[in-house]
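Enquirer: Next come a sequence and a model predicted from it.
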Amino acid sequence: MNQLNTQAPGCEVAIIGGTGLTQMQQMESLRHELITTPFGEASGPLSHGRLWGHPVVFLPRHGYGHTIPPHKVNYRANLWALKQVNVGLVIAVNAVGLIRRDLEPGALVLPDQLLDYTYGREHTYFDGSGEPLQHVDFTNPYSERLRSLFKTAALEAKIPLVDHACYGVTQGPRLETSAEIDRLERDGCELVGMTGMPEAALARELGMQYACIALGVNKAAGRGETGIHAEMEAYLSLSMQRLAGLLKAVLPAICLMGKGGAESSPED
């Protein structure tokens, strides 16, 4: 694994998300840093900045021009680049469709489980290229410490947050058929999106604390009464407003956790 110490705790806080996050008025960009990785180029330079005065590193998953499709994102390079600048705490922002019938567009969801339906993606650092093989424990794919901070912050700030859901990750870039959504629902999925894996697993392999905030921007195929794209356009702004409120509420606690070195295990 090219000599990276996967057990050394990082302390910096990173946000991986869409390009819309860079346009948040509260985001103060200080400098950009291009990181070379053994796995090729990341989606773009790392943006070091401040969000409500708190230091964060931002990486746009699809590139700054939103040109990289989900199955072409270099997830390995992205996570490796963040680890190289001492990131140990990762907030992943993912736009998703809502399968669970009681969830409405605009919802913020904090998933606690996932199912991976992707294929052909470079999904591990342990690919026989030199380092001893490790089978990481992925029983709980998201950091419970980070999830707990999100739940507490949402409660105190009175921001609606659904704190349990299973995220089904599909290949993309096309959206799913209604029959595929029916299958995902039978499998236990309550959300559907295209970027949750292998990102979460790679973060675990690198020893990072990782949690996902899912923006429910539309009903999944066959679940809504209007077109999917129409719902996305109608509810993305609302989801971003709610996300901004949640990040403002939770960042002080997450940055304080980072100052402690994120010393617990990633699944705690």
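Expert: Perfect, thanks for sending it.

Enquirer: what residues does the strand or helix carrying residue 56 touch?
Expert: Secondary structure assigned from DSSP states H and E places residue 56 in strand 54-60. For strand 54-60, the surrounding residues in contact (CB atoms under 8 Å, 6 or more residues apart in numbering) are 12-19, 21-22, 27, 29, 42-44, 46-50, 66, 78, 81-82, 85, 87, 251-252, 255. The C-beta positions use only the backbone N, C-alpha and C, and glycine is treated the same way.

Enquirer: Among those residues, name the ones in strands.
Expert: Secondary-structure check on those using DSSP state E: residues within strands are 12-17, 27, 29, 46-50, 87.

Enquirer: now, among these, which is nearest to residue 237?
Expert: Among these, residue 17 lies closest to residue 237 (CB to CB), at 15.1 Å.

Enquirer: who does that closest one bridge with?
Expert: residue 60 (DSSP bridges).

Enquirer: Quick check: it touching residue 90?
Expert: No: at 10.6 Å, residue 17 does not count as touching residue 90 under the criterion of CB atoms under 8 Å.

Enquirer: ok, these two, which is more surrounded?
Expert: residue 90 (29 against 22; other CB atoms under 10 Å).

Enquirer: that's a helix at the more buried one, yeah?
Expert: No: judged by DSSP: H, G, I helix; E, B strand; the rest coil, residue 90 forms no part of a helix; its state is strand.

Enquirer: So the closest residue to it other than its chain neighbours, which state does it fall into?
Expert: Among residues not flanking residue 90 along the chain, residue 210 sits closest, at 4.5 Å (CB to CB, 6 or more residues apart in numbering). Assigned with three-state DSSP, residue 210 falls in the strand class.

Enquirer: picking that back up, just the buried subset of the ones in strands among the contacts of strand 54-60, please.
Expert: Neighbour counting with 16 or more other CB atoms under 10 Å marks 12-17, 27, 46-49, 87 as buried within the ones in strands among the contacts of strand 54-60.

Enquirer: Identify the farthest-apart pair in those.
Expert: Within those, 27 and 87 form the most distant pair, 16.9 Å apart (CB to CB).

Enquirer: what packs against the least confident helix or strand in the chain by mean pLDDT?
Expert: Across the helices and strands of the chain, mean confidence by mean pLDDT, DSSP states H and E is lowest for strand 27-33: a mean of 82. Counting contacts by 3 or more CB pairs under 8 Å, 6 or more residues apart in numbering; DSSP states H and E, strand 27-33 packs against strand 46-51.

Enquirer: angle of the strand it packs on against strand 12-17?
Expert: Calculated by axes from the mean of the first three to the mean of the last three CA atoms, to 10 degrees, strand 46-51 forms an angle of 100 degrees with strand 12-17.

Enquirer: List the beta-bridge partners for the spatially most central residue of the chain.
Expert: Taking CA atoms, centre = their mean, the centroid of the chain lies closest to residue 92, which sits 2.1 Å from it. Residue 92 forms beta bridges with residue 16, residue 212, as assigned by DSSP bridges.

Enquirer: Looking at it now. What's its pLDDT?
Expert: Note on residue 92: pLDDT of 97.

Enquirer: so what's residue 251 up against?
Expert: Contact analysis of residue 251 by CB under 8 Å, 6+ apart lists 13, 51-52, 54, 56.
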